[in-house]
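Colleague: This is a predicted model, with the sequence first.
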Amino acid sequence: MASSVKYLSDLPDPAKEISKCNEFLSSFRDEYGELKYMNMLQQVADRSLQVIEIDLSDVLKFKNDTEFVGNLQANTVRYIRYFEDEVDKLLPESSTGCQWFDVIDTIQNQRKSLQTTLQNANLPVADVPMSLKRRYQVVFKSLQGIKPVKLREIKAEDIGHLVTVKGLVTKASDVKPRIRVCTYTCEVCGSEIFQDRCTDNKTAGKLIMHTRGSRFVKSQEIKVQELPDQVPVGHIPRSIVINCTGELVRQCSPGDVITVTGVYLAVKYQGYRAITAGLQTDVFMEAFSIEKQKLSFSSLLLRDTDEASILEIARDVDPYTKLALSIAPEIYGHEDVKKALLLQMVGGVTKQMSDGMRIRGDINILLMGDPGVAKSQLLKYVSIIAPRGIYTTGKGSSGVGLTAAVVKDTVTGDLTLEGGALVLADKGICCIDEFDKMDEHDRTAIHEVMEQQTISIAKAGITTTLNARAAVLAAANPFLLLHHLMNRSTVVLVHFVELINAADSLISQYQGATFQG
């Protein structure tokens with residue numbers, strides 16, 4: 001077994017690695033013969049681009065240097081700094097000839113004039129950090145075709161590495177400014193410094209934070225949980241906190257299935273937790289790219305092949321039946337049920353009246369049948385192929401778990417709302433299995449969702465209304481099984497409502513109800 005220990009003689013030479021970064025940025029050409037990354041730098045200089053995404057597939061294609069690509073993946077933070085330093089050297093002048101004069105430009109001009117004055121007077125000049133001048137962000141994109149890693153497979157040796165994970169977004173915080181470079185002004189001599197002690201005056205005078213001279217970035221924290229098919233039997237799903245900065249904020253919302261590429265880092269616990277944690281540290285991911293796995297119908301981009309397939313189905317003799325039988329093809333029969341599910345996934349037309357009233361277009365369906373007639377299989381299939389599908393069971397769900405819960409934010413300590421299954425399935429389908437096994441108190445929590453498609457919350461001083469524009473697909477067992485009804489000596493007509501132990505007002509919210517037997 002080969003040892004994974006690296007000696008100092010085996011580590012790459014920083015000067016050679018920096019030269020490789022410079023050569024790649026200045027010389028790489030795409031399939032059209034264009035200098036891909038030099039064109040990006042020109043866009044950065046013209047202030048039309050803020051994120052420089054370096055594709056590791058391009059790095060591998062450049063000189064087929066697998067060792068260099070491996071170093072980028074194993075020591076991501078260091079190589080991000082290398083690329084940022086080389087971008088500063090290669091950044092061209094603006095091609096538009098326009099002059100921008102925002103707050104940062106004004107402060108930069110003042111600093112330049114001050115530095116010139118101090119140099120002429122032979123006085124020491126404070127170096128301004130390059131991170132304070134940059135108007136771009138360098139990120140890495142993982143190799144094409146790489147398989148995402150399961151959350152429980154990420155180990156301690158992956159800290160500092162570039163990893164790709166896939167999961168379900170369960171929580172997204174508000175977007176808040178995060179300070180990247182803090183600028184202080186000494187009240188004794190008035191010089192600008194970028195640390196906690198004035199080095200020009202050599203005294204520990206009072207430092208005044210210069211807000212406009214500092215650099216802030218947009219920051220958002222999301223929580224990603226393992227997908228249900230990745231959780232072993234008998235285990236609970238694991239989750240990880242992902243920090244999104246810059247242009248990555250507001251890219252996803254709770255309920256989205258995303259693939260995240262970023263660097264896996266460790267951070268010390270804060271507050272009382274730091275006392276009890278000892279040598280343990282918390283982990284998080286600094287996101288570089290976020291890709292949604294399931295896009296909404298309005299966000300889908302049709303390719304030429306997709307349009308050809310749609311037109312081919314439209315020219316079929318009976319496209320309605322053909323599409324319906326494509327739902328769970330491993331289940332034989334149930335043609336009428338599959339047609340109902342197809343109509344639910346397509347949905348109706350939501351109307352917004354001139355007086356502000358909204359008429360929902362989503363269809364709610366209740367499947368009722370004996371055990372073993374593939375109700376659960378149909379629900380799971382619909383939750384997979386729907387753009388936003390959430391699958392849950394009635395016995396394992398509470399009213400709070402379906403609507404929303406009040407939780408304490410680990411970062412700010414404030415009370416926030418965390419959406420339940422119906423909120424996560426906004427503009428999608430929420431599949432509730434074993435609907436008849438739910439407690440009556442929990443079952444009434446979805447009344448408002450099925451009627452108004454909203455959830456009104458008044459808890460812990462938080463009064464708000466959440467959107468839950470989801471179609472509900474429920475499955476239940478009848479109160480009297482079908483073979484009991486068939487074996488009766490006399491024929492008795494039983495109403496559909498009498499077959500389930502639920503309130504009539506709740507059953508009336510379902511536009512479609514089918515009996516499987």
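Modeller: Perfect, I can see it now.
Colleague: tell me which element residue 348 is part of?
Modeller: Element membership for residue 348, per DSSP states H and E: none, as it lies in no helix or strand.
Colleague: Just the pLDDT for it.
Modeller: Per-residue confidence at residue 348 stands at 81 (pLDDT).
Colleague: What sits closest to it if chain neighbours are left out?
Modeller: Distances taken as C-beta to C-beta, 6 or more residues apart in numbering place residue 361 nearest to residue 348, at 3.4 Å, with adjacent residues excluded. In short, each C-beta sits where N, CA and C put it, glycine included.
Colleague: ok, now residue 274?
Modeller: residue 268 is the one closest to residue 274 (C-beta to C-beta, 6+ apart), at 6.3 Å.
Colleague: which residues of the stretch 351-500 of the chain score low on pLDDT?
Modeller: Counting by pLDDT under 70, the stretch 351-500 of the chain has low-confidence residues at 410-412, 480-499.
Colleague: mind listing the helices for it?
Modeller: For the stretch 351-500 of the chain, the helices defined by DSSP state H, counting those that start in this stretch cover 375-385, 399-402, 421-424, 440-443, 447-452, 482-486.
Colleague: One more: the stretch 51-200 of the chain?
Modeller: Assigned by DSSP H, counting those that start in this stretch, the stretch 51-200 of the chain shows helices spanning 56-63, 66-74, 76-90, 103-120, 130-133.
Colleague: Is the residue nearest to residue 348 in contact with residue 351, as I believe?
Modeller: Yes: using C-beta atoms under 8 Å as the test, residue 361 is close enough to residue 351 to be in contact (7.1 Å).
Colleague: Of those two, give the one with the bigger neighbour count.
Modeller: residue 361 (13 against 10; other C-beta atoms under 10 Å).
Colleague: Show the backbone phi and psi for the more buried one.
Modeller: Summarising the backbone geometry of residue 361 under the convention degrees, to the nearest 10, its torsions are phi -110, psi 0.
Colleague: same thing with residue 269?
Modeller: With angles defined as degrees, to the nearest 10, residue 269 sits at phi -70, psi 150.
Colleague: And for it, nearest residue in space, chain neighbours not counted?
Modeller: With sequence-adjacent residues excluded and distances taken as C-beta to C-beta, 6+ apart, residue 269 is closest to residue 277, at 4.5 Å.
Colleague: Could you check how many residues crowd around the one you found?
Modeller: Other residues within reach of residue 277, judged by other C-beta under 10 Å, total 13.
Colleague: swap in residue 170?
Modeller: As a burial measure, residue 170 scores 17 neighbours (other C-beta under 10 Å).
Colleague: Same check on residue 284?
Modeller: When counting by other C-beta under 10 Å, one arrives at 16 neighbours for residue 284.
Colleague: Might one say that it is in contact with residue 239?
Modeller: No: shown here, residue 284 and residue 239 do not form a contact pair, counting by C-beta under 8 Å, at 11.0 Å.
Colleague: Contacts only, for residue 288.
Modeller: Going by C-beta atoms under 8 Å, 6 or more residues apart in numbering, residue 288 touches 53, 139-141, 162, 248, 261-263.
Colleague: quick one: what helix or strand has it in it?
Modeller: Assigned by DSSP H and E, residue 288 belongs to strand 282-292.
Colleague: returning to that earlier point: so how do I select the buried members of the contacts of residue 288 in PyMOL?
Modeller: Buried subset of the contacts of residue 288, written as a PyMOL selection, criterion 16 or more other C-beta atoms under 10 Å:
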select buried, resi 139+140+141+162+248+261+262+263
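Colleague: do you know how far residue 90 is from residue 26?
Modeller: For residue 90, the distance to residue 26 (C-beta to C-beta, to the nearest Å) stands at 6 Å.
Colleague: where do the contact lists of those two overlap?
Modeller: Contact with both residue 90 and residue 26 is made by residues residue 38, according to C-beta under 8 Å, 6+ apart.
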